[in-house]
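In: pasting the structure only:
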């Protein structure tokens, strides 16, 4: 079971060189001395290097505003760093067990203000602060929230492929029987379908049936799905290194008039959020548009989360579509639009697509119908 499409060509050293140059320019514009990247999505984005495991041993890429980027790694991991696809675009040094890694890392830095990967270990930050009292640090998301937000054509191709694979998984799951089976059973089938359609990693499979659907992050449990249940299905992961994330809400057997009404309100809210997508508009406008539909229908208190989040190398990253986020939308941004209504003790409804900003609006990367599907 596959989508039959060939894998995209891998990113090259030239791609990473462009990204590193752009990152240094962004750091300069933000009045930073440089960037400090530890294992995680930022390091992968800028170098193509993903250590086998994130451990207590420090690995750090130093990207100065002026000068060449250099990565320091544990000596035992140097061969892996040298073999990474971006190895030719950064200098490489190492440290050995038993030596002081923070003293070695400090030699790559000067006094100043640095942005540090959000995923950096506190022990590494504290070690650097002890060695370099004249430095200060700010989180990468605070300083450069848009570092990875604008996707190029190759990234958009990967995100579209991930979205299409998630759509295929949804189409297939509608063919199975829900009633009499546990949420966990359905969740495991969803995960298998995602892998079957090319996902290398499954990050989550939310299966919230009946009252469990009123908890947006319920994931799945032992509850047996019953005839008459509303079931929230929210699932995603990584394909070709980029994320998928989609939600549809199905019903086991015929729904009540109230259930149909609530589902329709959420559908209209999702559409309103999508119609608010356009270059130059603030991210918060997407949240406002979707939220207004739900509030006007009398369910405002039951919409209890932001309307969306960015997606790329991870399934949650900037930008965030939430009140107060004044970052203007730009072509190439990709994010979810996922309004919901959650009635405690009864049921929940959520509909989610990944959307990318285009030159004149938005484009959905999920194409399955928004209408409520009836399952057995």
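Out: Here it is on my side, so go on. Remember, it's a predicted structure, so these values are computed and weren't measured experimentally. Residues are numbered from 1 along each chain as shown.
In: Adjacent strands (with direction) for the helix or strand hosting residue 136?
Out: Using DSSP states H and E, residue 136 sits in strand 135-139. Its sheet considered, strand 135-139 pairs with strand 112-116 (parallel) by DSSP bridges.
In: how about the helix or strand just after the partner strand: buried residues?
Out: Next helix or strand after strand 112-116 toward the C-terminus (DSSP H and E): helix 122-131. Across helix 122-131, burial judged by 16 or more other C-beta atoms under 10 Å covers 124, 125, 127, 128, 131. Every C-beta, even on glycine, is put in place using the N, C-alpha and C of the backbone.
In: if I pick the residue nearest the centre of the chain, what's in contact with it?
Out: In the chain, the residue lying closest to the centroid (C-alpha atoms, centre = their mean) is residue 315, at 2.0 Å. Applying C-beta atoms under 8 Å, 6 or more residues apart in numbering, we find residue 315 in contact with 203, 204, 236, 237, 238, 243, 244, 245.
In: where's the residue lying closest to it once chain neighbours are set aside relative to residue 196, distance?
Out: With sequence-adjacent residues excluded and distances taken as C-beta to C-beta, 6 or more residues apart in numbering, residue 315 is closest to residue 243, at 4.2 Å. Per C-beta to C-beta, to the nearest Å, residue 243 is found 18 Å from residue 196.
In: Please say which of these two ends up with more neighbours.
Out: Neighbour count, other C-beta atoms under 10 Å: between residue 243 and residue 196, residue 243 has more, with 27 against 15.
In: Apart from its chain neighbours, what residue comes closest to residue 230?
Out: Nearest one to residue 230, counting by C-beta to C-beta, 6+ apart, is residue 347 at 4.0 Å.
In: can you count the residues close to the one you found?
Out: Other residues near residue 347 number 28, with proximity taken as other C-beta under 10 Å.
In: The chain should start at 745 in everything you say after this.
Out: Shifting the count to begin at 745 puts that one at residue 1091.
In: didn't it look like it was pressed against residue 958?
Out: Yes - counting by C-beta atoms under 8 Å, residue 958 is a contact partner of residue 1091 at 6.3 Å.
In: for this protein, which spans come out with low pLDDT?
Out: Within the chain, the ranges that satisfy pLDDT under 70 run 745-748, 797-798.
In: Where is the longest helix in it?
Out: Longest helix of the chain, by residue count under DSSP state H: helix 897-917.
In: Which residues belonging to that helix are considered buried?
Out: The neighbour-count check on helix 897-917 (16+ other C-beta under 10 Å) flags 899-914, 916-917 as buried.
In: residue boundaries of the strands in the stretch 995-1120 of the chain?
Out: Ranges of strands in the stretch 995-1120 of the chain, per DSSP state E, counting those that start in this stretch, are 1052-1054, 1061-1065, 1078-1081, 1084-1087, 1091-1094, 1097-1101, 1106-1108, 1117-1119.
In: Can you say which of the ones you listed is nearest to residue 966?
Out: Judged by C-beta to C-beta, the one of the strands of the stretch 995-1120 of the chain that comes nearest to residue 966 is strand 1091-1094, at 18.3 Å.
In: quick one: the helices in the chain?
Out: Along the chain, counting by DSSP H, helices occupy 757-773, 785-791, 822-826, 845-850, 866-875, 884-887, 897-917, 927-940, 1001-1019, 1028-1040.
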